[in-house]
Structure formats: structure tokens, C-alpha cells
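Engineer: For reference, the sequence and a predicted model appear below.
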Amino acid sequence: MGPRLHVAGALAARTFREFDAAATAPLHGFRDADDYYARSSSAAFLGAVRTPTLLIHAEDDPFLPPEVIPRATVGANPRLRSLFTHAGGHVGFVAGPPWARCYWAETRAAAFVAEHLLAPDGVLQTL
């Protein structure tokens, strides 16, 4: 028998935690919402990152509030660059009018990659 979804609990959920406890966690083999959050988080791995990495996160993210950001770990690893903003939602970071959208996160990511991969002569370098 496969994973069991608690349908009534999922339909009655009023928070992400309630939904994750009733649906996400059991469907993906986690004990509960806390187990899902703990084992799915990248926080435990940030201290060991050895490749230059850009972290973008909005403090108004409805899934991941600011208090879950491991700021001390991020600050202690010189290979991590953080761009923590007050607004942006969950992977949104879209600005401008509908006819001229600006995708801020993509622009920042491309600049970060260019900074770390392109030598002054324009030749692609390995990390």
C-alpha cells in the first residue's frame, strides 16, 4: 500500500504547515511536516558549500519566513553570497508593467554567473 493522503485534513488546511502535515509529508514518505521541513531544507548543507553560490530569498516569502534563514551559517561561508530582500514573495521578484516585465532574480543570477565564470578576456573559466 502506498502513501496515504489525509484528504479531509488537506481540504481543511488553513496554513502551509497544516497542508504539508496532511498531504505533502505523507505523500512523499515523511513522518510529518517537521520531518519534511528538516530533511528537505538545504540549511544543513550550507556550511559545506565550496562552489560560489548565490542565495536569493524574500523576507515576505509565504513558504519560508525570515526566521528560517540560517544567517549565521550563510555569513560564515565566504563562498555564499546572499541577496535577502524585504519583498519578492516566493520565487517572484517580478517588477515593471505587464508590457515590460523585469525578472530581477534571473538578472541577478546571470550577473553572478558572469562574475564567477568569465575571465577579464571573456574566456569561460572553471570553478
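Structural biologist: It's in. In this text, all values refer to a predicted model and were calculated from it rather than measured experimentally.

Engineer: can you pull the contacts of residue 83?
Structural biologist: Contacts for residue 83 were tallied using C-beta atoms under 8 Å, 6 or more residues apart in numbering; they are 54, 55, 56, 57, 108. C-beta coordinates here come from the backbone N, C-alpha and C atoms, glycine included.

Engineer: Recalculate using a threshold of 10 Å.
Structural biologist: By C-beta atoms under 10 Å, 6 or more residues apart in numbering, the contact list for residue 83 reads 54, 55, 56, 57, 58, 93, 104, 105, 108, 109, 112.

Engineer: which of the residues you listed sit farthest apart?
Structural biologist: Maximum pairwise distance in the contacts of residue 83, criterion C-beta to C-beta, is 16.9 Å, between 58 and 112.

Engineer: Show me which of these two is the more surrounded one.
Structural biologist: residue 58 (20 against 16; other C-beta atoms under 10 Å).

Engineer: how about the helices in the protein?
Structural biologist: 7-12, 16-19, 25-27, 33-40, 71-76, 104-117 (DSSP state H).

Engineer: Need the winner for burial among those helices.
Structural biologist: Among the helices of the chain, helix 25-27 has the highest mean neighbour count (mean count of other C-beta atoms under 10 Å), at a mean of 20.

Engineer: Packing partners of that helix?
Structural biologist: helix 7-12, helix 33-40 (3 or more C-beta pairs under 10 Å, 6 or more residues apart in numbering; DSSP states H and E).
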